[in-house]
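Student: my questions concern the predicted model and sequence given below.
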Amino acid sequence: MNQQEEIKKERRKKKLTRTVLETLLVVIFSALFLAPFYFIVVNAMKTSADASQLSIAWPSEFRILENMQDVLAARDNMLLLSFFNSTVITVSSIVILLVVGSMAGFVLQRRSGKTINIIGTTFLAGLMIPPAVVPTIWVLEQFQLFKTFPGIILVMVAISIPFSIILYTGFIATIPKELDEAAIIDGCGGFRLFFSIIFPMLKPIHSTVIILNAVQIFNDFVHPLYFFPGSENATVQLTLYNFMSMYSTDWNLLFTNVLLITIPPFILFLIFSEKIVAGMTAGSVKG
Amino acid sequence: MRVNKMYSYALLIPAGLIYGLFFLYPTVMSFFFGFTRWNLTDWEWIGFDNYIMFFEESSLMIGFKNTFIFAFLTAGLKVVLGLIFAVLLTAKLRTKRFIRSMVFFPVLVSTIAVGIAFSVLMHPSEGLINMVLGLVGIDGPNWLGNPNLAIYSVAFVDVWKGVGIATVIFIAGMMSIPVDYYEAHQIDGGNKLNAFWYITLPLSRPAINAVIILALIGGLRTFDLVWAMTGGGPGFSSDLIASIIYKQYQAGFYGLSTAGNVILFLMVALIVFPIFKYLNRKEVDL
């Protein structure tokens, strides 16, 4: 009897320590990883005077809606324009990437031999090589594409191709070759085989490619800075930069801007977090 | 060979054309333009002058050193912290999914936004970080204003933002380790620490290699975070090669900027490629 009670007591103690440890873990990780976001959100809701304290105190007066209006209206609705620009760039790049990347991934996965290996390695080298900045501008100028939508879109596609190809070849490897042969026997040509049979089967990996590239291209700062300059060409990440000098004291507006441009990736994260994590780990673990 | 016929090279053409024209061609041309002084229309061959300039000017040379420190420091910390987080988050925790999402979320937030937020948090007197340190009696440093410290502060933020990818890659690796190994180990009377050293760590080798390579490539090319947090300052103390490329471009020194690009290319090739080979050789030994 006594012994049993002791065991029970022991168990309860163990459970308690575990709950305490787990709570501690959550607190530590929240402090490390959520605190900066809390700081941004809280300051985005404050008045300019309040925000200038740069504290984590709860706002004395909520001004989030007014702040949003101010940020959206600033510089002739620049944020709205930039949302439009970023959306155009992101969507167009992804559409091209889907078609072009899956076609290339298909051939690269199915063919074998020396030539195709060299081509494959050349594509993969793009994962390592840093894009050459001024020469790219020079190339864009030759085609009169510098500072244009087609120009930035083609550059974004070019630098996103290598990783998309990895995702596609990985997925296409799971589609049996017998399927291709059956289609050919039924009188399908090479192109019809790809477009009417293979391409629709790639839906799961298409969505991974879409989500990963959407986040990447929407959040990109460096390439629009180089290849799409000019105030009419502002993209969302660049507005942040313009705001910084303009509102060097109006931190509330700057953080509201941060908040607004973080909403699209945040929504994608809420809906597709599993897919994003799987996609990002897929290319790497396989080596 | 007949089989290959179904897979026409024609399907490669669109991707090859875009990638070739807007990525490969500029990369190849950078080796030429690095030897010139040019303004996008006219160029003048000046031999190695740009490269000599890079290694003689201390303001340019420092970028070389910083890029090296930044890449290796962030890669090392991402591996160590990522492993610790992954071990914690593969344990039997009720809140692990929540914590995992927390750690991963910064990966998806814009680098510039993170950089701006942290430059405020790192303010020497009003910043949250030094206020918290002050509560426990530590006099926090001037994180971004001290030229000896700035690059390390930026590296710290880079680790904060990027450790999520390392963590999820490690978690994926650890989940694929068969439970039997741990059970056998337990039956043999081994403890948890030993299980980590002799089972988890060696079998996570492919994941560790992947994280090292990814982190090094990312670290060597970093530009936006430094730009948002310090702009390369104070002075040139936190400049990386990528930020120097931008500064020289802005100043109109296109040849010098392109030479910087070539140096960055060579650095990535000379550092990442041998390490990649070395890591993969070790993997075969296992």
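Tutor: Yes, it's here.

Student: so who does the most centrally placed residue in chain A touch?
Tutor: By C-alpha atoms, centre = their mean, chain A has its centre lying nearest to residue A:215, at 1.8 Å. Residue A:215 is in contact with A:265, A:268, A:276, B:108, counting by C-beta atoms under 8 Å, 6 or more residues apart in numbering or on different chains. C-beta here means a position set from N, CA and C on the backbone, and glycine is covered the same way.

Student: make a markdown table out of those residues and add neighbour count.
Tutor: Formatted as a markdown table, the contacts of residue A:215 follow (neighbours: other C-beta atoms under 10 Å in any protein chain shown):
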| residue | neighbour count |
| --- | --- |
| A:265 | 22 |
| A:268 | 19 |
| A:276 | 22 |
| B:108 | 22 |
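
Student: in these, which has the lowest confidence score?
Tutor: Within the set of the contacts of residue A:215, pLDDT is lowest for residue A:276 (83).

Student: can you tell me the closest non-neighbouring residue to that residue?
Tutor: For residue A:276, ignoring the flanking residues on the chain, the nearest one in space by C-beta to C-beta, 6 or more residues apart in numbering or on different chains is residue A:211 at 5.8 Å.

Student: what helix or strand does the one you found sit in?
Tutor: Taking DSSP states H and E as the definition, residue A:211 sits inside helix A:203-219.

Student: next secondary structure after that helix?
Tutor: Later in the chain than helix A:203-219, the nearest helix or strand by DSSP H and E is helix A:222-227.

Student: flag the shaky bits of the stretch 101-250 of chain A, pLDDT-wise.
Tutor: For the stretch 101-250 of chain A, applying pLDDT under 70 flags the ranges A:242-249.

Student: let's see that with 90 instead.
Tutor: A:111-113, A:127-128, A:170, A:177-193, A:196-197, A:204, A:208, A:212, A:229-234, A:236-250 (pLDDT under 90).

Student: which stretches in it count as helices?
Tutor: Under the criterion DSSP state H, counting those that start in this stretch, helices of the stretch 101-250 of chain A are mapped to A:114-125, A:133-142, A:149-172, A:177-185, A:190-192, A:199-201, A:203-219, A:222-227, A:236-246.

Student: surely residue A:184 touches residue A:197?
Tutor: No - when contacts are counted by C-beta atoms under 8 Å, residue A:184 is not listed as touching residue A:197 (10.2 Å).

Student: hang on, the earlier thing: so which of the helices of the stretch 101-250 of chain A gets nearest residue A:35?
Tutor: Closest approach to residue A:35 among the helices of the stretch 101-250 of chain A (C-beta to C-beta): helix A:236-246, 20.3 Å.

Student: and the residue in the stretch 101-250 of chain B that chain A sits nearest to, backbone torsions?
Tutor: Residue of the stretch 101-250 of chain B nearest chain A, by C-beta to the nearest C-beta: residue B:210 (3.8 Å). The phi and psi values for residue B:210, taken as degrees, to the nearest 10, are phi -60, psi -40.

Student: quick one: it from residue A:82, how far?
Tutor: According to C-beta to C-beta, to the nearest Å, residue B:210 and residue A:82 sit 35 Å apart.

Student: now residue A:97
Tutor: On the measure of C-beta to C-beta, residue A:97 and residue A:82 end up 22 Å apart.

Student: repeat that for residue B:244.
Tutor: On the measure of C-beta to C-beta, residue B:244 and residue A:82 end up 27 Å apart.

Student: comparing those two, which residue is more hemmed in?
Tutor: Between residue B:244 and residue A:82, residue B:244 has the larger neighbour count (other C-beta atoms under 10 Å in any protein chain shown), namely 28 against 24.

Student: which residues of the stretch 151-286 of chain B lie near chain A?
Tutor: Residues of the stretch 151-286 of chain B lying close to chain A (C-beta under 8 Å from any C-beta of the partner chain) are B:160, B:165, B:168-169, B:172-173, B:206-207, B:209-211, B:214, B:217, B:220-221, B:223-224, B:228, B:242, B:245-246, B:249, B:254, B:257-258, B:261-262, B:264-265, B:268-269, B:272, B:280.

Student: for PyMOL, what selects the buried ones among those?
Tutor: With 16 or more other C-beta atoms under 10 Å in any protein chain shown as the criterion, this PyMOL line picks the buried residues out of those:
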select buried, chain B and resi 160+165+168+169+172+173+206+207+209+210+211+214+217+220+221+223+224+228+242+245+246+249+254+257+258+261+262+264+265+268+272
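
Student: in helices, which of the residues of the stretch 151-286 of chain B next to chain A fall?
Tutor: Of these, the ones assigned to helices by DSSP state H are B:160, B:165, B:168-169, B:172-173, B:206-207, B:209-211, B:214, B:217, B:220-221, B:224, B:228, B:242, B:245-246, B:249, B:254, B:257-258, B:261-262, B:264-265, B:268-269, B:272, B:280.
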